[in-house]
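K.L.:
Next come a sequence and a model predicted from it.
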Amino acid sequence: MENQQTSEASGSNPGRRPWAAYNVVERGGRRFWNRVGSAFHNRDGSMNIYLDSLPRDGKIQIREDDREREPRKERGALAEEAIEA
């Protein structure tokens, strides 16, 4: 069967990026987004999902991988000290 993924890596559609798979955990009134894998759209509308780890509660949220679009957060003082050491 031919590979139907439409990701940047496959070269079939260079403008498309993989999607990210997250597990959202709520603790103490805060939400923590843990990346657990990647997803790729196929030409027929289906998705292939590749998990690097399994979510504790069995729930996965698929979102477009926008890490490249978000500006990088500045490092804190402790991080700067660690880099200089």
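P.N.:
Thanks, I have it. Note that the structure is a prediction, hence the values are computed from the model and not measured.

K.L.:
contact partners of stretch 52-70?
P.N.:
17-25, 34-39, 47, 49, 51 (CB atoms under 8 Å, 6 or more residues apart in numbering). In this view, the C-beta of every residue, glycine as well, is placed from N, C-alpha and C.

K.L.:
List the buried residues in it.
P.N.:
For stretch 52-70, the neighbour count (16 or more other CB atoms under 10 Å) marks P55, I60 as buried.

K.L.:
and if you look at stretch 18-38?
P.N.:
P18, W19, A20, A21, Y22, N23, V36, G37, S38.

K.L.:
Looking at those, which two lie furthest apart in space?
P.N.:
Within the buried residues of stretch 18-38, P18 and N23 form the most distant pair, 16.9 Å apart (CB to CB).

K.L.:
How about the contacts made by M47?
P.N.:
Contacts of M47 (CB under 8 Å, 6+ apart): W19, A39, F40, H41, I62.

K.L.:
repeat that with 6 Å
P.N.:
A39, H41 (CB atoms under 6 Å, 6 or more residues apart in numbering).

K.L.:
That one and Y22, how far apart?
P.N.:
14 Å (CB to CB, to the nearest Å).

K.L.:
ok, now I49?
P.N.:
Taking CB to CB, one finds I49 at 12 Å from Y22.

K.L.:
follow-up on the earlier one: mind listing which of the contacts of stretch 52-70 are in strands?
P.N.:
Counting by DSSP state E, the contacts of stretch 52-70 place 19-25, 34-39, 47, 49, 51 in strands.

K.L.:
out of those residues, what pair is the most spread apart?
P.N.:
Farthest pair in those, by CB to CB: V25 and M47, 22.5 Å.

K.L.:
helix or strand for R63, which one?
P.N.:
strand 61-64 (DSSP states H and E).

K.L.:
Check which strands are paired with that strand and give the direction for each one.
P.N.:
Strand 61-64 pairs in its sheet with strand 19-27 (antiparallel), by DSSP bridges.
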